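>>> okay, predicted coordinates and the sequence, questions at the end:
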Amino acid sequence: MAKTMWNAVVAAGAVAVVTAMTAAPAGAATGGVSYSQLSVNGGKPIVIGIQEVVSVPVTFRMTTTRTWDWPPLFLLYRGELGDLGPNNLYSGFGYSDDACPTEGRGSCVVDDGVLDIDPKDDIKGNGYAGTWKSSALLYLPGEDLFTDLNHPVQVQRATRVTVNAAPEPVVTGKTITVTGKVTRANWETHSYQGYAGRTVSLQFKADGASSYTTVKKVTSGSTGSLETTVKAAKSGTWRWNYYGNSTSGAKASTGDHVIVWSGVRVMHAR
C-alpha cells in the first residue's frame, strides 16, 4: 500500500518533540501550495524522557492545484528552510489513503499523522531542547517544495518529582517534614539528574477536598533536593509541583497522605 511505501521513503529521518504554540495560519503557502488547520498533540506540550518512545499525533490540511508525487511531510527546523542537515528533524507518519492519496491534487487532509520520537536515537543532545520552527515538505514532479508554516514548536526535557511527608500519622500542631527531589532528563547520558535552583510548590489537599492548594514555594538544592516543614493541622495529601520552563516539562509528584490526630486515646470501660 501507499502508506508502507511512504514510510519507507522517509523513515531514515527523525522527528523531535513538538508543542503547539499557535494555530497554523490559513495563509501558510509557497509555490501554489497552502496549509491550514495544523494541530500537534492537540496543542499540549510534548515532553521526552530518556527511554520511552513518544508518539505525537499531527493533523493538517494541504491544498494545491498542482499534482504531487507523495503526500506532505511535517518537519521541524532551526536553520535554513529546506536544510535537511542536523538542524532539521523529520519522520514518516501514517495517513488515510482516502483522505491523502499517494498521488493527487486539490485538498489533502492528514488526519492520523503520528510522529514517533525515540530519545535514544532521534534526540542528539540536550541542545535539542528549546524552540523550533515548523515546515512542510511536498514532493512535486521534479521539485521538493518546502513551506514555512509559521508555527513555533517547543522541545522539552522530561522532569520527575518525588515526595515524602513524615511522620505518619502525626499529632495536631506537631511538625511535618516534607522532602523530595526534582530531576531532569539528560539526553546525553540517558539518565535523570538533579535539577538545582528550581522553584517548586508544596501543595496540600485536605481530606474531602477536590483540589490542591499551594502552601509555600521552595528552591531545589544543588542535587535537586527539596525539604521544608509545616505544622500539622488537618489530615490530607501533600505533593510537590514543578511548573516547568521553556526547555523542561512540568511535573507534579504523586501524593503522600498523612493522618493528623489529636493524640488523645479514649479508653472505653468494659
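Cool, the structure landed. Numbers count the residues shown, from 1 in each chain.

>>> CA atoms for contacts and neighbours, from now on please.
Noted.

>>> can you give me the helices for the stretch 101-250 of the chain?
Applying DSSP state H, counting those that start in this stretch to the stretch 101-250 of the chain gives no helices.

>>> where does pLDDT dip in the chain?
Low-confidence segments of the chain, defined by pLDDT under 70: 1-27, 88-99, 266-270.

>>> pick out the residue closest to the middle of it.
I46 (1.9 Å; Cα atoms, centre = their mean).

>>> please, where are all the strands along the stretch 101-250 of the chain?
Using DSSP state E, counting those that start in this stretch, the strands found in the stretch 101-250 of the chain span residues 104-117, 130-140, 143-148, 153-157, 159-166, 170-171, 175-186, 191-194, 199-206, 213-219, 225-231, 236-242.

>>> angle of the fifth one against strand 199-206?
When you say that, I think you mean strand 159-166. 50 degrees (axes from the mean of the first three to the mean of the last three Cα atoms, to 10 degrees).

>>> now the angle from strand 159-166 to strand 236-242?
Here strand 159-166 runs at an angle of 150 degrees relative to strand 236-242 (the same axes, to 10 degrees).

>>> helices and strands around strand 159-166, which ones?
Secondary-structure packing of strand 159-166 (3 or more Cα pairs under 8 Å, 6 or more residues apart in numbering; DSSP states H and E): strand 175-186, strand 236-242, strand 251-252, strand 256-258.

>>> ok, and what's touching that strand?
Strand 159-166 is contacted from outside by 49, 176-185, 192, 238-242, 248-258, using Cα atoms under 8 Å, 6 or more residues apart in numbering.

>>> ok, that strand: who's next to it in the sheet?
Sheet pairing of strand 159-166 (DSSP bridges) gives strand 175-186 (antiparallel).

>>> next, the buried residues of the partner strand.
Residues I176, V178, T179, G180, K181, V182, T183, R184, A185, N186 are the ones in strand 175-186 that count as buried (16 or more other Cα atoms under 10 Å).

>>> same check on stretch 59-72?
Here stretch 59-72 shows T59, F60, R61, M62, T63, T64, W68, D69, W70, P71, P72 as buried, counting by 16+ other Cα under 10 Å.

>>> so who does the fifth one touch?
The one in question is T63. Per Cα under 8 Å, 6+ apart, neighbours of T63: V33, S34, Y35, R105, G106, S107, C108.

>>> tell me the phi and psi of the residue nearest to the centre of the chain?
Main-chain dihedrals, I46, degrees, to the nearest 10: phi -110, psi 120.

>>> no further questions, thank you.
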